[in-house]
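Peer 1: fold the following.
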Amino acid sequence: MRPLALLFASLLCACSPPPVASVPRAILGDARSLAQDAGSYPSATPAEDAGAPLPQDGAPDASISAASASPDAAVAAEQCSDAGPPDAGPFADCAGLTLGAVPDRLDWTAPAAATSCDAAEADCSGDVALGWWSSGSPNSTIIGPDGGTATWSGNGCAVPTGMLVADRVVETAPGNPPTFTVQLQWQSPDQQPLGDWHDVVSWSYDNLHYQVQVDTLGNALVLWLEDPPMSHEWWTGARWMGKDGPLGAAFVPVTPECDDDYGYSWFRGFGTLVQLIGGGIAQWVSDPGPQGSKVICTPGGWWEYPSGASAGAAAGWLSPYPGTVQLLRGGAGYWAVGGDGTCGRTLDVLSPSGNLCSSTPLADAQGSWQPSLWLDGTLVLQNGCGVRWWPGLAR
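Peer 2: Numbers count the residues shown, from 1 in each chain. Below you'll find the predicted structure:
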């Protein structure tokens, strides 16, 4: 009925009876901020960005430049010759928020046998992992900051704030079908419980997909989709949780969807979630663009969930950044990638109130390369099965 591409940052599907398990999370939740909603890329490079090929061996390639990234680069350069980074500051709350030296860019592409690739992930230790498919079989490669293969460090994105948040799914009532419940528990850094497990949402028979995002106050926003099998119906829900239990009743979150003339509707995913200084979560949903005369989709944009509350209007400073905002490690401010790739992109440093403190042009970031921002300041650009990244760019 509807294509559900639900590759959530913290996804757990209870489509069949799940095991009882707990997954610890840093109090700042998942560090990933993807600009795109889809979790898979075609292996072919789009024609408008079919420049010099990325190296196969994972070594940095200084010959790949913004000019060579597109056959239309000369035209774009002429159109953008007068464009420059936006003016920044001075603002009082920008004190101490400066960008250090830009590290070397690293490049890698999946082998020629790859037919498609998943979204690249960083472990916040300088390593990037790319999952790719060949002849229906999954593969993955981890590339280190030296350009060679590496071992994944799963804890690099954890921020030492004194607590972790664990989630699990348990069977809470037998029957046909049985009842399952999502539960959360706050834990110490060594995963010792700091209280009881608390129920978030329960369901029977239908499928439930959920994700957890923890804000800077230590409260968790849980978003979920219920998608009953053999049904055209689906619905979403959300609830804020704290260390001692629910912070209120469940509510309906911002729900990106499309509807057609035949009565079908499909969910477009919750988009990108960003922790906000002082608490709360910002949500970015991309605009789906024209879908034809028979399909109507909810528009994209930013929304904000104050800690413990439902969604409302987001702060205006977020609007120039299509999901490309991330918290600086330590919570001193934000960093963001500005621009749409047509005239290049900029690395922007923002104060806690959203004031622009600095804006630095990013070389080799034009064209169809889609950015993802990580909590340690690593910037990853992905185009099909090609990846470019700067480890610790925004420290």
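Peer 1: so where is the protein shaky, pLDDT-wise?
Peer 2: Within the chain, the stretches with pLDDT under 70 are 1-89, 154-162, 290, 340-341, 364-367.
Peer 1: and if we set it to 50?
Peer 2: Along the chain, segments meeting pLDDT under 50 span 1-77, 159-160.
Peer 1: all helices of it, in order?
Peer 2: Assigned by DSSP state H, the chain shows helices spanning 73-79.
Peer 1: how is it carved up into domains?
Peer 2: Domain assignment of the chain by automatic domain parsing yields the ranges 1-31+157-314, 41-154+324-395.
Peer 1: any chance of those domains in JSON lines, plus mean neighbour count?
Peer 2: C-beta: built from backbone N, CA, C; applies to glycine. Conversion of the domains of the chain to JSON lines gives the following (neighbours: other Cβ atoms under 10 Å):
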{"stretch": "domain 1-31+157-314", "mean neighbour count": "17"}
{"stretch": "domain 41-154+324-395", "mean neighbour count": "18"}
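Peer 1: W302: what's its closest spatial neighbour, skipping adjacent residues?
Peer 2: A314 (3.7 Å; Cβ to Cβ, 6 or more residues apart in numbering).
Peer 1: so that neighbour sits right up against Y305, yeah?
Peer 2: No - the criterion here is Cβ atoms under 8 Å, and A314 misses it with Y305 at 9.4 Å.
Peer 1: overlap in contacts, the two.
Peer 2: Listed as contacting both A314 and Y305 by Cβ atoms under 8 Å, 6 or more residues apart in numbering are A282, Q283.
Peer 1: list phi and psi for A309.
Peer 2: phi -130, psi 170 (degrees, to the nearest 10).
Peer 1: against G331, how distant is it?
Peer 2: 20 Å (Cβ to Cβ, to the nearest Å).
Peer 1: ditto for S293
Peer 2: From S293 across to G331, the span is 46 Å (Cβ to Cβ).
Peer 1: what do you get for V337?
Peer 2: Distance from V337 to G331, by Cβ to Cβ: 19 Å.
Peer 1: and P138, by the same measure?
Peer 2: Distance from P138 to G331, by Cβ to Cβ: 36 Å.
Peer 1: likewise Q192?
Peer 2: Applying Cβ to Cβ to Q192 and G331 gives a distance of 25 Å.
Peer 1: and V212, by the same measure?
Peer 2: 19 Å.
Peer 1: same check, this time on W108
Peer 2: Per Cβ to Cβ, W108 is found 31 Å from G331.
Peer 1: pretty sure T255 sits against W234.
Peer 2: No - if you go by Cβ under 8 Å, T255 and W234 don't touch, sitting 9.6 Å apart.
Peer 1: shared neighbours, those two?
Peer 2: Shared contacts of T255 and W234 (Cβ under 8 Å, 6+ apart): F267.
Peer 1: end-to-end on stretch 288-295?
Peer 2: 11 Å (Cα to Cα, to the nearest Å).
Peer 1: contact partners of that stretch?
Peer 2: For stretch 288-295, the surrounding residues in contact (Cβ under 8 Å, 6+ apart) are P256, C258, D259, D260, D261, Y262, R268, C297, G300.
Peer 1: and the gap between the fourth one and F270?
Peer 2: So that's D260. In terms of Cβ to Cβ, D260 sits 21 Å off from F270.
Peer 1: likewise for G131?
Peer 2: 21 Å.
Peer 1: who's W303 bridged to?
Peer 2: Q283, A313 (DSSP bridges).
Peer 1: for it, what are its contacts?
Peer 2: Neighbour list for W303: V254, A282, Q283, V285, A311, G312, A313, A314 [criterion: Cβ under 8 Å, 6+ apart].
Peer 1: and with 6 Å instead?
Peer 2: V254, Q283, A311, A314 (Cβ atoms under 6 Å, 6 or more residues apart in numbering).
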